[in-house]
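Asks: predicted model, plus sequence, below.
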Amino acid sequence: MLSNKICIVTGAAQGIGKTIVERFAKEGAACVYACDVNIGDMEESYSKDKNIAVRQLNVCDRQAIQTLIETITQEHGRVDVLVNNAGVTRDNLIDRMTEEDWDIVLDVNLKGVFNMTQAIAPLMIENNSGSVITMSSVVGTDGNIGQSNYAATKGGVIAMTKGWAKEFARKGAQVRANCVAPGFIETPMTKDLSEKVLEHMKNKTPLARMGTSTDIANGVTFLASEQSSFITGQTLKIDGGLVI
Ligand SMILES: NC(=O)c1ccc[n+]([C@@H]2O[C@H](COP(=O)([O-])OP(=O)(O)OC[C@H]3O[C@@H](n4cnc5c(N)ncnc54)[C@H](O)[C@@H]3O)[C@@H](O)[C@H]2O)c1
């Protein structure tokens, strides 16, 4: 589905991002740049995959983003797909949330998405083709106790994406922007939730289970591919029916 595409995935070291990278590579992408602030043993584990390139990248570092994009442009002349997946949580009730908790989540989940998209979308527009996919959350539309900071970012990316869908397609450029809004997904991000919370979320989910990172990668691959070529400005909920 992604033959010959040049793709960038942020937050690619684990969880949803890792599954997306592996799926894109399997779908025939020419190169998937797997970027994370903490690359751990990624270089070693992908050393045999010729179409996966590991890059250490902090989405808050605008200079590093610029340098990476210049290198990719020199190597390939284009970027076809950007997946803004990197994200962090610092949950607390509003009376206990520190300014630091607020700032770090806004910096990574909202400004980080802006930083990446600002660096890459102009190339897509110039090339008249591209797909930007940003990870939102059901919390971005419905809110959640103890997640003022996270909800603000996940709602913010939906609003930015709607604007980008209109902005990027001006003069007829086939550049699309969409969000994916996962429900509760089994990844390192959710591993520390208590049994009680997990049970509660499963009970609230019509399909009565947590999602997997493969469930999310399926939707992201669709939005990255030409199969979704007339879809832009949308948020695809992948949540087992949690938000209907
Ligand atoms: N797991 C869920 O239930 C769930 C639900 C809704 C939305 N999401 C969203 O999906 C995305 C992936 O979630 P996950 O569960 O796989 O998370 P995760 O915590 O398992 O992985 C996130 C990755 O982002 C990386 N990262 C953090 N800060 C970064 C930075 N400044 N620059 C680059 N990389 C950075 C981390 O190192 C990590 O590898 C996030 O945006 C998250 O908010 C997850």
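Replies: Here it is on my side, so go on.
Asks: state which helix of the chain is the longest.
Replies: helix 148-168 (DSSP state H).
Asks: just list what it packs against, helices and strands only.
Replies: Applying 3 or more Cβ pairs under 8 Å, 6 or more residues apart in numbering; DSSP states H and E, we find helix 148-168 packed against helix 99-105, helix 112-127, strand 129-135, helix 139-142, strand 174-182. Every C-beta, even on glycine, is put in place using the N, C-alpha and C of the backbone.
Asks: which residues are in contact with the third one?
Replies: Spelled out, that is strand 129-135. 11, 16, 78-85, 87, 113, 117, 120-121, 123-124, 157, 160-161, 164, 168, 173-180, 182, 220, 223-224, 228 (Cβ atoms under 8 Å, 6 or more residues apart in numbering).
Asks: ok, and the closest non-adjacent residue to G87?
Replies: Spatial nearest neighbour of G87, excluding adjacent residues (Cβ to Cβ, 6 or more residues apart in numbering): N109 at 5.0 Å.
Asks: run the angle between the longest helix of the chain and helix 112-127 for me.
Replies: If you take axes from the mean of the first three to the mean of the last three Cα atoms, to 10 degrees, helix 148-168 sits at 10 degrees to helix 112-127.
Asks: out of the contacts of strand 129-135, which are close to the ligand?
Replies: With Cβ under 6 Å from any ligand atom as the criterion, these include 11, 16, 85, 87, 182 near the ligand.
Asks: do I have it right that the third one meets Q14?
Replies: This points to N85. No: applying Cβ atoms under 8 Å as the test, N85 and Q14 come out as separate, 10.6 Å apart.
Asks: same drill for the two, tell me which one is more crowded.
Replies: Applying other Cβ atoms under 10 Å to N85 and Q14 shows that N85 carries more neighbours, namely 28 against 16.
Asks: what about the residue in the chain sticking out farthest from the centre, is that helix, strand or coil?
Replies: Here the centre of the chain is the reference, and by Cα atoms, centre = their mean the most remote residue is D95, at 29.3 Å. Secondary structure assignment for D95 (DSSP: H, G, I helix; E, B strand; the rest coil): coil.
Asks: and the residue nearest the centre of the chain, its phi and psi?
Replies: For the chain, N85 is the residue whose C-alpha lies nearest the centre (Cα atoms, centre = their mean; 2.3 Å). The phi and psi torsions at N85 (degrees, to the nearest 10) take the values phi -110, psi -20.
Asks: many thanks, I have nothing further to ask.
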